[in-house]
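J.: Predicted coordinates and the sequence they were generated for:
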Amino acid sequence: MAGAIAVPTRPCASARVAVIGGGPGGLYAAALLKRLDPDREVTVWERNAPDDTFGFGVVLSDETLGGIEHADPVVYAALQDEFVRWDDIDIVHRGVRHTSGGHGFAALGRRRLLEILHERCRSLGIELRFRAEAPPVAELMTAYDLVVAADGVHSPTRAAYAEVFGPSVEEHRCRYIWLAADFAFDSFRFEIAETEHGVMQLHGYPFAADASTVIVEMREEVWRAAGFADLDEQESVELCGKIFTDALGGRQLRSNKSTWTTFRTVVNDRWSHGNLVLLGDAAHTAHFSIGSGTKLAVEDALALAACLEERPTLAEALAAYEEERRPVVASTQRAARASLEWFENLGLYLHQPARQFAFNLLTRSRRVTHDNLRLRDAHFTAAVEREFGCPPGTPPMFTPFRLRGLTLRNRVVVSPMDMYSAVDGVPGDFHLVHLGARALGGAGLVMTEMVCVSAEGRITPGCAGLYSHRQAESWRRIIGFVHAQAPGAAIGVQLGHSGRKGSTKLMWEGIDEPLEEGNWPLVAASPIPYGPRSQTPRQLYRAQLTDIREQFVAAALRAARCGFDLLELHCAHGYLLSGFLSPLTNRRTDAYGGSLERRLRFPLEVFDAVRSVWPEERPMTVRISATDWAEGGNTGDEGVAIARAFAAHGADAVDVSTGQVVADEQPEYGRSYQTPFADRIRHETGLNVIAVGAISSWDDVNSLILAGRADLCALARPHLYDPHWTLHAAAEQGYEGPGVAWPRPYRAGSRRPQTGRVDAPKPRLSLGT
């Protein structure tokens, strides 16, 4: 349906504006555009009546309200008069209520919000057409200078131009229903009901002095088992009231054309097409558990109006609007997905102690963190820490952790990072300084890069190995330095074989690119090249598999004699053992291919052989890719099964990474983006897990450890930026206990250096003019 439309380059006057959709976002956009240019002709089409609304209350943040106050004081003043404000969040878990304060919420009724916006639009001279379908979009685009599509999550406009906007709509696993109660909760309330059919949750908050929004949510299978699929609207309302009678104090719930639905996450490749632009839920959605739907729509309206005012042409304005809003929305959607998935998997966390469960819930989106929560409610956070076992004044990251006979002084791991700086597999002075510096820097465990078990198993000519006496002696020198000069630091070795990803250039010369000369033959589970220019590997057969298994055993014996404290088997990132695990790289039809059980066979054979020669008192871990991030590959479900299999064979912890298995992967990057996979494995299997991947701050580490999402946190790039990352984390938190120790020569620098003066005297008098 979408024909080619020339991108408008006329001055950004937008004399005639059509708005499709009379929700908060569309109405506020109309009001702002009219207020900025009173001569504009602005028309809003809304298919429903003016007093029709779905849902009950709306929560807005202080940040959003600040934008409204600056842009339209009239609307801001009207909202201020209506808001219900509160600070507390109550979490009720197995009959125990825990309260966290200092959060700061403001809400009002959705109907009242619409009334305020209706009044504002009418006062500005905007034409509001209710109970009216908008004309076809193509006609509006011809007749108006700007068409704003604010027509909701099911946007007909977006659907009509789908080939241009490139929408992706993902349905999730929970059913929910919006209801109301005729009394005001005194907090934002989360209540968990463990029923015979499964887990259900209530989200409730006040929006007026005598009314609250109540959302009831549960997994689809729980919803069906409880019989909701067979109930009408009133019967559903009554059953929800019975299930959550304690939270409601026996009061009744009411509905407003309320139906059970599943949440849909909407993402679009583009937000504009010619003089047509998407706004609010038509462009993007974010799960209600972080309260951002109306907030995002209002912020879209603010940004769109500002860009139209600031830019000389419509094309530039719409491009600037999307450029400004897209990163903000993407960040919000990542947080919303984390929150949504936490509630989808709520059953995993029910076993947690009540306070830790509450902390886990509060920090589920990763927007509220340990340090942030400590500032909001120090008493609550201290109680969670005590329950966790933190000694007084000890941040969670500086509590010890035991794996077999090894006790780590803190929860920080220097993640394995390939340095590509060895010569003939021999680690040299660079490795001594690199690993030694990070051991001196305070981490509880320092991991080597992937140490290759043979020359043919290297990724690049610069990769370190442990297949010769000379290499072992060089590693012994490094380990000796760590143990002597950084007492309390442990050092671990990661053993691996490159498989089909070997014989490539050094990273800075062309990552994953084959060598121009000096190549060596590659081997793999199946003869599938990694990339279009990669060498095709030879498929391994039984005799060769045995040889490689024995190479791992020989390397493990050398590692033990060198004095490494821990050994990790690298079964991730598409290297040899990982290549057996993924169906995308293992197409074998023998006993080592096919089902996941058979794909696990060779990696487990190697694990068993290595564990049999690795000293009993020393721990052995395994790194896995918990998902391939690719269609037809391993998913989180297989990640759990793989972790469970290695645990059954004696793995002391699973280092949970993701991807890098195939070149065409589509990872969902973001802060701590791999942590949910570690979290799931930990809670489904009971295994110790190491979380890794875009964990960058000590606040993140404290949050993950205290919430029970990980036992250890591995950080890579932060340790490249700052070898003394852990020492500095201790200094910044004012911690001086046994969980970290400054080397004696460095103790004079154990406090943050002074900077320029920032506490200049404040003016004492303010004179009027």
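T.: That came in fine, so what should we check first? Numbers count the residues shown, from 1 in each chain.
J.: count of neighbours near residue 375?
T.: When neighbours are defined as other Cβ atoms under 10 Å, residue 375 has 11 of them. C-betas here are computed from N, CA, C, even on glycine.
J.: got a list of what it touches?
T.: Shown in contact with residue 375 (Cβ atoms under 8 Å, 6 or more residues apart in numbering): residue 102.
J.: Buried residues of stretch 382-396, list them for me.
T.: Across stretch 382-396, burial judged by 16 or more other Cβ atoms under 10 Å covers 383, 384, 385, 388, 390, 394, 395, 396.
J.: For that stretch, give the mean pLDDT please.
T.: Regarding stretch 382-396, the rounded mean pLDDT is 96.
J.: And that stretch, end to end?
T.: Chord length of stretch 382-396, first to last residue, is 11 Å (Cα to Cα, to the nearest Å).
J.: ok, longest helix in this structure?
T.: Looking across the chain with DSSP state H, the single longest helix is helix 314-344.
J.: What residues sit buried inside the worst-scoring helix or strand of the chain on mean pLDDT?
T.: The weakest-scoring helix or strand in the chain, judged by mean pLDDT, DSSP states H and E, is helix 62-71 (a mean of 82). Burial within helix 62-71, assessed by neighbour count using 16+ other Cβ under 10 Å, is assigned to 64, 65, 67, 68, 71.
J.: before we move on, what about stretch 163-178?
T.: The neighbour-count criterion (16+ other Cβ under 10 Å) identifies 164, 165, 167, 172, 174, 175, 176, 177, 178 as the buried residues of stretch 163-178.
J.: Show me what the third one is bridged to.
T.: For residue 167, the beta-bridge assignment (DSSP bridges) gives partners residue 268.
J.: Going forward, count from 691.
T.: Got it, first residue is 691 now, which makes that one residue 857.
J.: quick one: it from residue 1313, how far?
T.: Distance from residue 857 to residue 1313, counting by Cβ to Cβ, to the nearest Å: 36 Å.
J.: Repeat that for residue 1026.
T.: Distance, residue 1026 to residue 1313, using Cβ to Cβ: 29 Å.
J.: for residue 1390, same thing?
T.: 20 Å.
J.: So these two - more neighbours on which side?
T.: It is residue 1313, of residue 1390 and residue 1313, that has more neighbours when counted by other Cβ under 10 Å, with 27 against 23.
J.: Just give me the closest of the buried residues of helix 752-761 to residue 889.
T.: Of all the buried residues of helix 752-761, residue 889 sits closest to residue 754, with 32.0 Å by Cβ to Cβ.
J.: and that closest one, what is it in contact with?
T.: 985, 988, 989.
J.: which one of those sits closest to residue 1111?
T.: Comparing these against residue 1111 with Cβ to Cβ picks out residue 989 as the nearest, at 47.1 Å.
J.: what sits against the closest one?
T.: 754, 757, 1015, 1018.
J.: on contacts alone, who are the packing partners of the longest helix of the chain?
T.: On a contact count with 3 or more Cβ pairs under 8 Å, 6 or more residues apart in numbering; DSSP states H and E, helix 1004-1034 meets strand 857-871, strand 951-958, strand 962-963, helix 983-1000.
J.: Show me what the mean pLDDT comes to for that helix.
T.: For helix 1004-1034, mean pLDDT rounds to 95.
J.: Check which residues of that helix are buried.
T.: Within helix 1004-1034, the residues scored as buried using 16+ other Cβ under 10 Å are 1004-1012, 1014-1015, 1019, 1022-1034.
J.: Could you do stretch 1168-1185 as well?
T.: Neighbour-count burial for stretch 1168-1185 flags 1168-1169, 1171-1173, 1176, 1178-1185 (criterion: 16+ other Cβ under 10 Å).
J.: Please apply the same query to stretch 1323-1332.
T.: Buried positions in stretch 1323-1332, judged by neighbour count with 16+ other Cβ under 10 Å: 1323, 1324, 1326, 1328, 1329, 1330, 1331, 1332.
J.: Please report how far the residue nearest to residue 1329 when sequence neighbours are not counted lies from residue 1037.
T.: Excluding the flanking residues, the one nearest residue 1329 by Cβ to Cβ, 6 or more residues apart in numbering is residue 1316, at 3.1 Å. Distance check for residue 1316 against residue 1037: by Cβ to Cβ, it reads 19 Å.
J.: Name the residue in these two with the higher neighbour count.
T.: residue 1316 (27 against 15).
J.: if I pick the more buried one, what's in contact with it?
T.: Neighbour list for residue 1316: 1324, 1326, 1329-1330, 1332-1333, 1346-1348, 1364, 1367-1368, 1371 [criterion: Cβ under 8 Å, 6+ apart].
J.: From residue 1026, how far out is the spatially most central residue of the chain?
T.: Centroid-nearest residue in the chain, with Cα atoms, centre = their mean: residue 1363, separated by 4.2 Å. From residue 1363 across to residue 1026, the span is 14 Å (Cβ to Cβ).
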